[in-house]
Every structure is written in structure tokens, then in C-alpha cells.
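Asks: I'd like to go over a predicted model; first the sequence, then the structure.
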Amino acid sequence: MSQRFSSNLLRSLRNDIPINDLIRRRLDLPSKEREGLLRFLCPHCNEFHTATNPRTNLARCFRCSLSFNPIEMVMAVKDCGFVDAVKLLVPLLEARGHSRGGEQTAPGKSGQR
Ligand SMILES: [Zn+2]
């Protein structure tokens, strides 16, 4: 398997894309907030016995004993491979880098263009 992405890039994807934003805005994964923790529907067991940890930027399912970083989360939810997950995440990272804050993009329907 050839490595097509730099380790720097992959580290940024894992650390700089907030896992909560990813779950709520990008993946449309059912989620709810309770006691300050974001609970998401685990893509493996379909339970809400989960939480995210913004500090480590990991999402964890207590039932499956699985942790997901942003890349793994995309792979699990979209049922895609590593490369596709990275391709989906890179624009999010770039958007964060270029955004000045205050700009809210509606999570509108895609399909235009
Ligand atoms: Zn699970």
C-alpha cells in the first residue's frame, strides 16, 4: 500500500477537525447532547452509548469499546476506505484554514454543481 498523504496532513485531519462538528454538521449522524457530552449514534451498534472527547478529538462507543478519530469516523459512517475518508476531510481542513470565522455556511442540500 502506498502512502499518498503526508503524516503532517493526516495528523491535522485527526486533530484540527473538531470531532463534534464533523459528527453534527458533516456526517449528519444522529446525535444529542447530554451533560455537556455529545452522544452520537454509533455506526457499528446503532446505540447512543457513546461520547466524544474534544480534548483528544476522539469519539468513543462504550458498547463496542471503539474509539474513532475523524478519519475513522468518516470511514465508519460513510462505509468508505481510508483514501476516500481523507479526501472528504481535506476540504474541511482547508475551509478552516481560510475561514475568518463568523462565516456560517448553511448545511444545505448539496446536489448543485
Ligand atoms: Zn457501538
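Replies: Noted; the coordinates are in hand.
Asks: buried sites along the worst-scoring helix or strand of the chain on mean pLDDT?
Replies: Sorting the helices and strands of the chain by mean pLDDT, DSSP states H and E puts helix 82-98 at the bottom, at a mean of 91. Within helix 82-98, the residues scored as buried using 16 or more other C-beta atoms under 10 Å are 85-86, 88-89, 92-93. (C-beta placed from N, C-alpha, C; glycine too.)
Asks: what would those look like in TSV with distance to the ion?
Replies: Shown next, in TSV, are the buried residues of helix 82-98 (distance: C-beta to the ion, whole Å):
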residue	distance to the ion
85	18
86	23
88	21
89	21
92	24
93	26
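Asks: from those, pick the one nearest residue 38.
Replies: residue 92 (17.2 Å; C-beta to C-beta).
Asks: what's the nearest residue to that closest one if we skip its chain neighbours?
Replies: Nearest residue to residue 92, sequence neighbours excluded (C-beta to C-beta, 6 or more residues apart in numbering): residue 17, at 5.3 Å.
Asks: fine by me, we can end here.
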